[in-house]
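*Asks:* no sequence on this one, just coordinates:
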């Protein structure tokens, strides 16, 4: 009977070691999954900000209208940066809302915004908005929105 008791102790030790091993594996997997979900959330947040910035700039340019899509008018309205003075224009430092979080430079890591305007016909101009930024890992990301502005 004493012999059976000793075997039982050894079996309990193996159970504890196996259970601890499984617990460590599960905790490691959970931590890795949690880290990936945080990174994915940050990426989604950056895309949402970039889209909001691009949409706001595009809406502002469409409101300005066909006749006012020139560097002088856009600069006077505060929709583009002073440089460059021809298309593609920069709006990297333009605050597109009351809060500074809607400037490409302040809302995104190494954020940049450019606006290209070209004549499609004598009554239509094309507008392309590009917002780009870098992830924490240094990977480049960008979104592009395009539209047409007609002369009424």
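*Replies:* Thanks, I have it. Since this is a predicted model, take the numbers as computed values, not measurements.

*Asks:* tell me what the longest helix along the chain is packed against?
*Replies:* Under DSSP state H, the helix in the chain containing the largest number of residues is helix 2-64. The contact analysis (3 or more CB pairs under 8 Å, 6 or more residues apart in numbering; DSSP states H and E) places helix 2-64 against helix 71-76, helix 104-107, strand 112-121, strand 124-134, strand 140-150. To be clear about C-beta, it is placed using only N, CA and C from the backbone, and glycine gets the same treatment.

*Asks:* the ones you listed: which one's closest to residue 91?
*Replies:* Proximity to residue 91 (CB to CB) singles out strand 112-121 among those, at 4.4 Å.

*Asks:* quick one: strands adjacent to that closest one?
*Replies:* Next to strand 112-121 in the sheet, as set by DSSP bridges, lie strand 89-90 (antiparallel), strand 124-134 (antiparallel).

*Asks:* what's the least confident stretch among the ones you listed?
*Replies:* For the strands paired with strand 112-121, mean pLDDT drops lowest on strand 89-90, to a mean of 88.

*Asks:* ok, now how distant is residue 125 from residue 59?
*Replies:* Relative to residue 59, residue 125 is positioned 15 Å away (CB to CB, to the nearest Å).

*Asks:* re the thing from before, quick one: closest of the strands paired with strand 112-121 to residue 30.
*Replies:* Nearest of those (CB to CB): strand 124-134, 29.3 Å.

*Asks:* ok so, going back, which one of the strands paired with strand 112-121 lies nearest to residue 35?
*Replies:* strand 124-134 (19.8 Å).
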